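Peer 1: Next come a sequence and a model predicted from it.
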Amino acid sequence: MGGGSSGGGYTQANTYSTNLPEYARPYYERMMERAEAESNQPYVGYESPRLAGFAPDQTAGFGITRDIEARGTPQTQTAGQVAAGAAARGFAASNYQANPIQQSSFGSQQAEQYMSPYMQQVIERQKSAAVQDYQEGRPSRETQAIKSGAFGGYRQAVQEGVAERGLSRQLGDIEAQGRQRAYEQAQGQFERDRAASIQAQAQTEQQRLQAAQYGLSGAGLGLQGAQTMGQLEAMEQGLGMQQAEALQRQGAAQQGLQQQALDVAYQDFLNQRDYERNRINFMSNILRGTPITPETASRQYNNPNPLTQMAGLGIAGLGAYNQLSR
């Protein structure tokens with residue numbers, strides 16, 4: 001190819017050529033024909049799979065992981081409820097306060113309450129018996145007065161007075177002794193009831209104290225049980241995850257082997273597809289070692305400007321015309 005100026009003067013042209021040896025020309029021509037033919041080959045896609053799918057062990061490991069997540073932590077939730085209940089029972093038991101023993105003293109009100117309702121009837125019967133004895137003793141006293149010659153006299157009146165006073169004193173004693181015995185019996189029964197009440201209250205308080213102690217013990221056992229439940233569930237989940245991870249590692253090894261086989265198959269496909277191209281490249285590399293010397297030739301030539309030539313012709317014609325006119 002070449003280049004030059006359009007403004008008159010001269011033009012320079014460069015010609016490039018290569019010194020290709022004659023013995024190498026057929027090889028270059030055949031290689032270029034093969035390369036052109038190879039470049040016109042249609043696209044061939046790889047139809048086999050490129051990536052290895054999950055192995056069955058991996059799928060099983062994924063399933064275990066999903067099951068663990070879907071199951072949640074029911075035992076931990078139950079343990080929380082148990083712990084909350086145990087804490088409530090423990091709090092209630094820790095607020096134990098002893099109830100004071102209730103007891104009352106014996107008085108007239110208690111005596112009337114505890115006296116036998118038949119006490120007065122018993123006293124009245126004893127009094128009636130005493131009056132009857134008094135009445136039955138009167139004939140004996142009169143007989144005695146007659147014998148002593150005092151019947152109807154002063155001495156008999158004195159004896160009857162003495163007898164009446166004795167009856168009155170006996171009746172008073174009967175009343176007092178009967179009430180005293182009734183009072184003492186009422187007091188004794190009251191004391192027995194009070195002792196029984198105190199004992200019953202003490203037993204009840206002892207039971208309340210034992211219940212509080214049992215409540216604290218039960219709360220402690222409940223908290224321990226809740227903690228154990230939570231630990232067991234955590235261990236169960238941990239074992240499940242370890243099993244899932246073991247399956248996934250084993251499946252990953254299987255998947256890796258399968259992927260290696262797929263990679264080998266794909267590489268074989270590439271080698272088969274590019275076999276002719278590699279041969280062409282191999283030949284091209286060999287031919288690149290052939291000594292070829294490039295040559296460049298340059299030439300210069302005049303390139304008159306048409307306008308200048310026209311102007312020159314006009315001037316020359318004008319001169320000739322002037323000479324003829326003279």
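Peer 2: Yes, it's here.

Peer 1: and the helix or strand containing Gln180, how far from the chain's centre?
Peer 2: Per DSSP states H and E: Gln180 is located in helix 154-273. Averaging C-alpha positions (Cα atoms, centre = their mean, to the nearest Å) puts helix 154-273 30 Å from its chain's average.

Peer 1: tell me what it is packed against?
Peer 2: Counting contacts by 3 or more Cβ pairs under 8 Å, 6 or more residues apart in numbering; DSSP states H and E, helix 154-273 is packed against helix 56-71, helix 74-94, helix 108-114, helix 119-148. All C-beta spots, glycine's among them, are computed from the backbone N, C-alpha and C.

Peer 1: what stretches of the stretch 51-200 of the chain score poorly on pLDDT?
Peer 2: For the stretch 51-200 of the chain, the stretches with pLDDT under 70 are 93, 96, 116-119, 134, 136-138, 140-160.

Peer 1: Pick out the residue nearest the middle of this structure.
Peer 2: Central residue check for the chain by Cα atoms, centre = their mean: the C-alpha nearest the mean position is that of Thr73, 5.7 Å away.

Peer 1: That one contacts Glu233, correct?
Peer 2: Yes: using Cβ atoms under 8 Å, Thr73 is in contact with Glu233, at 6.0 Å.

Peer 1: Using CSV, write out the CA atom coordinates for stretch 240-249.
Peer 2: Extracted in CSV, the C-alpha atoms of stretch 240-249 (Å, rounded to 0.1, in the frame of the first residue of the first chain):
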residue,chain,number,x,y,z
GLY,A,240,-29.7,-35.1,65.8
MET,A,241,-27.6,-32.3,64.4
GLN,A,242,-24.4,-34.4,64.7
GLN,A,243,-26.2,-37.2,62.8
ALA,A,244,-27.3,-34.8,60.1
GLU,A,245,-23.8,-33.3,59.8
ALA,A,246,-22.3,-36.8,59.6
LEU,A,247,-24.7,-37.7,56.8
GLN,A,248,-24.0,-34.5,55.0
ARG,A,249,-20.3,-35.0,55.2
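
Peer 1: Which residues outside that stretch are in contact with it?
Peer 2: 57-58, 60-62, 64-65, 67-68 (Cβ atoms under 8 Å, 6 or more residues apart in numbering).

Peer 1: Next, the buried residues of stretch 278-294.
Peer 2: For stretch 278-294, the neighbour count (16 or more other Cβ atoms under 10 Å) marks 280, 283 as buried.
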